[in-house]
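Student: turn this into a model:
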Amino acid sequence: MKKTVLSLMAILLIAAIAALSFGSVGWAADNSGNQAINQPAYLTAPNSESEIAIYQQPGTRQPQSGSGTSGDRITILDQVSSNQGKVWNRIRLEKSPQDEGWVQEDFVSLPETPNQAPVKKQSRSQNAPYSGQ
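Tutor: The predicted structure follows:
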């Protein structure tokens, strides 16, 4: 009987540790404790007409909350890193509607001087759609 109880306790302990570990595998940091950034920036893409997806949560499999295009002014509100090395920025569009959501760092450009639009990136096919991946 004592062996059965000890075995059951060991299994429960392992299950609890596994549940806690796997719950935090996706992101290196959650956004609940991060400080506000409030950094002005721009959305950027190789093709200025490409739609840049804005997601409700960090990740391209999340529902979209809106979209923007290269050159749109944004404010970076927060930032998280995934365990796959991707950095996501929580942003707010400065144009109406002021959509808020998450975009990958690849689609964000910091201004070099105030009021100066970023230089557009050159890569990938000009006809390829962008979904934030």
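Student: where does pLDDT dip in the chain?
Tutor: Counting by pLDDT under 70, the chain contains low-confidence residues at 2, 5-36, 113-133.
Student: biggest strand in it, by residue count?
Tutor: strand 73-81 (DSSP state E).
Student: list the neighbouring strands of it plus their orientation.
Tutor: Partners of strand 73-81 in the sheet, by DSSP bridges, are strand 39-43 (antiparallel), strand 87-93 (antiparallel).
Student: buried residues, that strand. List them.
Tutor: 73-80 (16 or more other C-beta atoms under 10 Å). Heads up, the C-betas are built off the backbone N, CA and C, glycines and all.
Student: okay, those residues in a markdown table with distance to Ile91 next?
Tutor: Converted to a markdown table, those look like this (distance: C-beta to C-beta, whole Å):
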| residue | distance to Ile91 |
| --- | --- |
| Arg73 | 10 |
| Ile74 | 4 |
| Thr75 | 7 |
| Ile76 | 6 |
| Leu77 | 6 |
| Asp78 | 9 |
| Gln79 | 10 |
| Val80 | 12 |
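Student: to Asp106, which of the strands paired with strand 73-81 lies closest?
Tutor: Closest of the strands paired with strand 73-81 to Asp106 is strand 87-93, at 8.7 Å (criterion: C-beta to C-beta).
Student: contact partners of the closest one?
Tutor: Identification of contacts with strand 87-93 by C-beta atoms under 8 Å, 6 or more residues apart in numbering yields 31, 41, 43, 54, 58-59, 66, 68, 72-82, 98-105, 108.
Student: how about stretch 86-102: buried residues?
Tutor: Of all the residues in stretch 86-102, those buried under the rule 16+ other C-beta under 10 Å are 86, 88-91, 93, 99-102.
Student: where do the helices sit along this structure?
Tutor: According to DSSP state H, the chain carries its helices in the segments 2-23.
Student: kind regards, and thank you for your time.
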